[in-house]
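Engineer: Fold the following and give me the result.
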Amino acid sequence: MLQGKPVTYQMRWKHPERPEGRWILAVCLPVMDDQGKIISISGCTTDIDAQKRVENDALQALQALERASASEQRFQHFSKSSPVAVHILEIPSRAISFCNTAWFDMLGIEKVPFDQLDMSWTDGILEQDLPLLRGSVQKILTTHEPQTTQFRFRKMFLSGDGHRYQSWGSSQSHAELDENGAVKAIMTTTTDISHLKWAEEVQRSRVEEALEAKRQNEVFIDMTSQNPLGAVVHCADAIDESLIEIKSILDKLQYSDEKAGKRLRELVASSAEAVNIITSCSSHQKRIVDDLLTLSKLDSNLLQINQASVRAKSILDDMRRIFEIEAGRAEIELQIQADPSIKAMNVDNVMLDTGRVHQILINLITNALKFTKDKPQRRVTITMGSSEKRPSDGVLAAIDFALPHTLSDTVRESEAVASGPETFFIWFTVSDSGRGIKPDEKTKLFSRFQQASPRTYSKYGGSGLGLFISRELAELQGGEIGIASELDVGSTFAFFVKTQPAAPPVDLRLKNDLTIRPRSGSARTSFSNETVQIHVLVAEDNPTNQKVLKRQLTNKGYIVWTADNGQEAVDFLRQTRYWNAPSSTSSLSSSPSTAQEKALHVILMDTEMPIMDGLTAARKIRQMQRDGLLKGHVPILSVSANARPEQTSMAMDAGMDDSISKPFRIADLTPKIDRLADMAYAG
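Structural biologist: Next comes the predicted model:
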C-alpha cells in the first residue's frame, strides 16, 4: 500500500460465540493527493466464513480420500502377500466380490481375475463340512455376531511324515451392515491349520500308543505273575489235600515202632505248615501285584469304575469266605455283620463296583489280621451299614477321614458313580483289637509308600501302598476313608461309597430255579433225579497250569479234557453231544472215554491264548449256536489273570457265563463249575 497499490488479505475476527474466530476478506486501497502522497486508506470487508468452512471440508475430504487410497493400496499389497486367505461374500447374491492370492492357494485352484471367477464359495470345501459352514453363515445373517469355524478343504496336505492328509482351515467371519442394519456382505479370513491338525493327530496317536503300551505292559505283568502264582496255589492245595489224606491213613495204622509213627506225624504237620506258608505268601504276592497294577492305572488315569447290580450282603459273604480260614489259623475271632441300618433302609440290591469295594476291604482286613495276630485278645469285626446322608457327617462322625483331594490332584469321583435323587451311601468299618496307632502316626496314613512308623515295616512288613490305593478307590466311588484308633486298644478303619437301589442282578444264562448241591467224593451233578459225572474241558495254553489244574479237578472227581488254545476248544465241540452237523476229527488230548459222542458240561476258557484267544472262541461258539451248528447252550467259565471289572465285562459280552481270576483256589472254582453243569443239564 505504501507504493500506492491495493492490498487484499484474509483474517479472522474475534467472535463471542466462536472461539476460533470468524473469517473475513479485507480489501484496502490507499488514497493519494496530487503529489502522490497517501492521505488516507479506504477499505471494505467481506464475510467469507462459510466459504472457508467449505474449503476446509473439501480439503479434509481430499486428505481422507488420499488416505483411503493409500490404505486400499496397502490393504491390497498386504492381502496379496498375506498367508491368510481373505474373501468377501456379497449378500444376498452370495457371490465373491473380493479374494486374495492365499484364498486361491488354500482352496487349491488357479488364480483368475474376479470377473472371470466362475465358482461358488463352497466349491473348495469338503462336502461333509458344508452344513457346518452354511450354518455359520446363517448365524451371522440372524445374529450379526462374528463366527469362528474349523473345516476341511478338498485339497490334500502333505505332512512332515510324507503322508497325505485332508487340509484344514480355521475361519473368522464378520458381518458388514448397511445403513438399515441389514447384512450386505460377510468378510472372512481363513488360516491354514493343516500342520496344527496333523501335529494334534500325531500327539493323540502317540498318547494312545503310549497308553496302549502301558496297558499291554500291565497285562503282561499281570499274566506273567498270576500264571505261576496259580500253579503254586494249585500245587499247595494238592499237597494240603494229600497231607490230610496221609494223616487220616496214619491215624488208622498201627505202628510197631511208636517213635516212627510219631516222626511221620511230625513230618506231616511240618509239611502242612509249609503248605500254609506257601499259600499265605502266594496270596500276599497277589495282593502286591494287584496294588502295583492299580497304582499304575491311577497314575495314567486308566482306572475305571464299573458299577453293576449286586446283592449288598453278598459282599460280607465274600469277605467271610476269603478270610475265615486265615483268621482261624491265627486264632482270631472274625465277626462279620450287617448294621441295623441295612434292614431299616431295606437295602438289598445296589449299584456298586464290587471288585473295587472288595479291593479296599481286602486291604483293610489283611492289615487288621496282621496287626492283631500277636495280641492276647484277637478279634476283628467287619460291619456294613447304610446312610442317606454322607456318613462322615453322621454315623461315622468319630472317624478322622483323610482330607479330600485338592484341585491339583488327579483323582476325582468317577462319572460312572451312581447319582440322582435315590443316591445313598454304603459304609464299612473294619475294627481290630491290635496295637493301635499314635495320633501323630495317623497323619502319615493314606499316602503313597507311607506307613505309620519305621517300626511298622520292620515288624510287620508291607509296602505302604494299600491304604493309599484304598483312599483313591474310595474317592473315585464318591466316598472317603479314615481311621479312629487308640494305642494298645485297637483301630477302626472306615470308608463309604455312593450307590443307589438296583434291580436284582440277572444272568440270562443261569436259571434261578437251579440249586447247587454239595459234592462229596466225585464231582457229580443231580438233575431230574439222575446223578451224572461232570465233564470239563480246560482250555489253557500254559502247560504247567493245564497239568496242575487237570490233576486237581481229576482228584475232585471230574472228567477232564484239555485244549491248548481257543481254536482247539471250538474244534472239540464237534466230538460232543452239542454238535449238530457232520462230525470231524480233532487232534485234542482225550480222557479215557471211547464213546463216539463225548460228554461235556463246562468249558474253562482262558482268555489269553495263542492262535485263538478265549474271548474270540466264546464269540465263535455263540455264533455257532445261533447258526444251528450246536444244540443247546454251551456253558463257558472265563479264566483270566487280568479279571478287573472291565475285563470281566468284556468276557460277559463275548458270551461267557461266569468268570474267575487267577490265582484261584480249587475250593472257589468247583462251585462255579457245578452251577454251570446244572445249567448244562437244564438246557
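Engineer: could I have stretch 657-676 exported to CSV, CA atoms only?
Structural biologist: What follows is stretch 657-676, C-alpha atoms only, in CSV (Å, rounded to 0.1, in the frame of the first residue of the first chain):
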residue,chain,number,x,y,z
ASP,A,657,-21.4,-117.4,31.6
ASP,A,658,-19.2,-116.7,34.6
SER,A,659,-15.7,-115.8,35.4
ILE,A,660,-12.9,-116.4,37.9
SER,A,661,-9.5,-114.7,38.2
LYS,A,662,-6.1,-116.2,38.7
PRO,A,663,-4.7,-117.3,41.1
PHE,A,664,-7.8,-119.0,42.4
ARG,A,665,-8.4,-121.8,44.9
ILE,A,666,-10.0,-125.0,43.7
ALA,A,667,-12.5,-124.6,46.5
ASP,A,668,-13.6,-121.4,44.8
LEU,A,669,-13.6,-122.9,41.3
THR,A,670,-15.7,-126.1,41.9
PRO,A,671,-19.0,-124.3,43.0
LYS,A,672,-18.9,-122.3,39.7
ILE,A,673,-18.3,-125.5,37.7
ASP,A,674,-21.1,-127.3,39.4
ARG,A,675,-23.5,-124.4,38.9
LEU,A,676,-22.8,-124.2,35.2
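Engineer: mind checking how far it is from the chain centre?
Structural biologist: 28 Å (C-alpha atoms, centre = their mean, to the nearest Å).
Engineer: just stretch 328-347 next, same as before
Structural biologist: Centre to centre, stretch against its chain (C-alpha atoms, centre = their mean), the figure for stretch 328-347 is 33 Å.
Engineer: now swap in stretch 110-123 and tell me
Structural biologist: Worked out by C-alpha atoms, centre = their mean, stretch 110-123 lies 49 Å from the chain centre.
Engineer: can you give me the mean pLDDT across it?
Structural biologist: Confidence over stretch 110-123, taken as the mean pLDDT, stands at 74.
Engineer: List the buried residues in that stretch.
Structural biologist: By neighbour count on 16 or more other C-beta atoms under 10 Å, the buried set for stretch 110-123 is residue 121. Heads up, the C-betas are built off the backbone N, CA and C, glycines and all.
Engineer: I'd like the C-alpha coordinates of it written as CSV, please.
Structural biologist: This file holds the C-alpha atoms of stretch 110-123, laid out as CSV (Å, rounded to 0.1, in the frame of the first residue of the first chain):
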residue,chain,number,x,y,z
GLU,A,110,-5.9,-71.5,-10.3
LYS,A,111,-5.9,-67.7,-9.7
VAL,A,112,-8.1,-65.7,-12.1
PRO,A,113,-9.4,-62.1,-12.1
PHE,A,114,-12.7,-61.6,-10.2
ASP,A,115,-14.7,-61.0,-13.3
GLN,A,116,-13.6,-64.4,-14.6
LEU,A,117,-14.3,-66.2,-11.3
ASP,A,118,-16.9,-68.9,-12.1
MET,A,119,-17.3,-70.8,-8.9
SER,A,120,-19.2,-70.8,-5.6
TRP,A,121,-17.6,-70.0,-2.3
THR,A,122,-18.3,-73.6,-1.2
ASP,A,123,-16.7,-75.3,-4.2
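Engineer: can you list contacts of it?
Structural biologist: By C-beta atoms under 8 Å, 6 or more residues apart in numbering, the surrounding residues in contact with stretch 110-123 are 87, 89, 94, 96-99, 101, 104-105, 107, 109, 130, 133-134.
Engineer: Let me know the closest of those to residue 381.
Structural biologist: Lowest distance from residue 381 to those (C-beta to C-beta) belongs to residue 133, with 67.2 Å.
Engineer: name the helices or strands packed onto the host helix or strand of the closest one?
Structural biologist: Using DSSP states H and E, residue 133 falls within helix 130-143. Contact here means 3 or more C-beta pairs under 8 Å, 6 or more residues apart in numbering; DSSP states H and E; on that basis helix 130-143 packs against strand 147-158, strand 164-177, strand 183-192.
Engineer: helices and strands of the chain: which one bottoms out on pLDDT?
Structural biologist: When each helix and strand of the chain is scored by mean pLDDT, DSSP states H and E, helix 454-460 comes last, with a mean of 43.
Engineer: which is the next helix or strand following it?
Structural biologist: Next helix or strand after helix 454-460 toward the C-terminus (DSSP H and E): helix 466-476.
Engineer: So for that following helix, what gets flagged as buried?
Structural biologist: 466-476.
Engineer: What is the neighbour count of residue 560?
Structural biologist: Around residue 560 there are 21 other residues, counting by other C-beta atoms under 10 Å.
Engineer: Verify the stated contact: residue 190 with residue 82.
Structural biologist: No. Applying C-beta atoms under 8 Å as the test, residue 190 and residue 82 come out as separate, 10.9 Å apart.
Engineer: what about these two, which has more around it?
Structural biologist: A direct count of neighbours by other C-beta under 10 Å for residue 190 and residue 82 places residue 190 higher, at 21 against 14.
Engineer: So what sits opposite the more buried one in the bridge?
Structural biologist: Beta-bridge pairing for residue 190 (DSSP bridges): residue 85, residue 171.
Engineer: Quick check: the gap between residue 79 and residue 100.
Structural biologist: Separation of residue 79 from residue 100 (C-beta to C-beta, to the nearest Å): 4 Å.
Engineer: For these two, indicate the residue with more neighbours.
Structural biologist: Using other C-beta under 10 Å as the criterion, residue 79 and residue 100 rank with residue 100 on top: 22 against 19.
Engineer: who touches the more buried one in this structure?
Structural biologist: Residue 100 neighbours (C-beta under 8 Å, 6+ apart): 79-80, 82, 85-87.
Engineer: Now for those residues: which two are most distant?
Structural biologist: Of all pairs drawn from those, the greatest distance, 13.2 Å, lies between 80 and 87 (C-beta to C-beta).
Engineer: and this structure, what are its domains?
Structural biologist: 7-74, 82-192, 220-499, 524-682 (automatic domain parsing).
Engineer: residues in contact with residue 247?
Structural biologist: Residue 247 makes contact with 265, 268, 272, according to C-beta under 8 Å, 6+ apart.
Engineer: re earlier: which stretch among the helices and strands packed on helix 130-143 comes nearest residue 565?
Structural biologist: strand 164-177 (39.9 Å).
Engineer: The closest one vs strand 183-192, what angle?
Structural biologist: Between strand 164-177 and strand 183-192, the angle comes out at 150 degrees (axes from the mean of the first three to the mean of the last three C-alpha atoms, to 10 degrees).
Engineer: export the helix or strand in which residue 637 is found as PDB, just CAs?
Structural biologist: Counting by DSSP H and E, the element that carries residue 637 is strand 636-640. Only the C-alpha atoms of strand 636-640 are listed here, as PDB (Å, rounded to 0.1, in the frame of the first residue of the first chain):
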ATOM      1  CA  ILE A 636     -18.300-121.300  29.500                       C
ATOM      2  CA  LEU A 637     -16.400-120.200  32.500                       C
ATOM      3  CA  SER A 638     -13.900-117.400  31.800                       C
ATOM      4  CA  VAL A 639     -10.400-117.800  33.500                       C
ATOM      5  CA  SER A 640      -8.200-114.700  33.400                       C
END
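Engineer: If you count neighbours, what's buried in the helix or strand just after that strand?
Structural biologist: Next in sequence after strand 636-640, counting helices and strands by DSSP H and E, comes helix 645-654. Buried residues in helix 645-654, counted by 16+ other C-beta under 10 Å: 645, 647-648, 650-652, 654.
Engineer: Roughly how far does residue 555 sit from residue 678?
Structural biologist: 21 Å.
Engineer: Please identify which of these two sits among more neighbours.
Structural biologist: More neighbours surround residue 678 than the other of residue 555 and residue 678, with 23 against 16 (other C-beta under 10 Å).
Engineer: So which of the contacts of residue 247 belong to helices?
Structural biologist: When DSSP state H defines the helices, the subset of the contacts of residue 247 inside them is 265, 268, 272.
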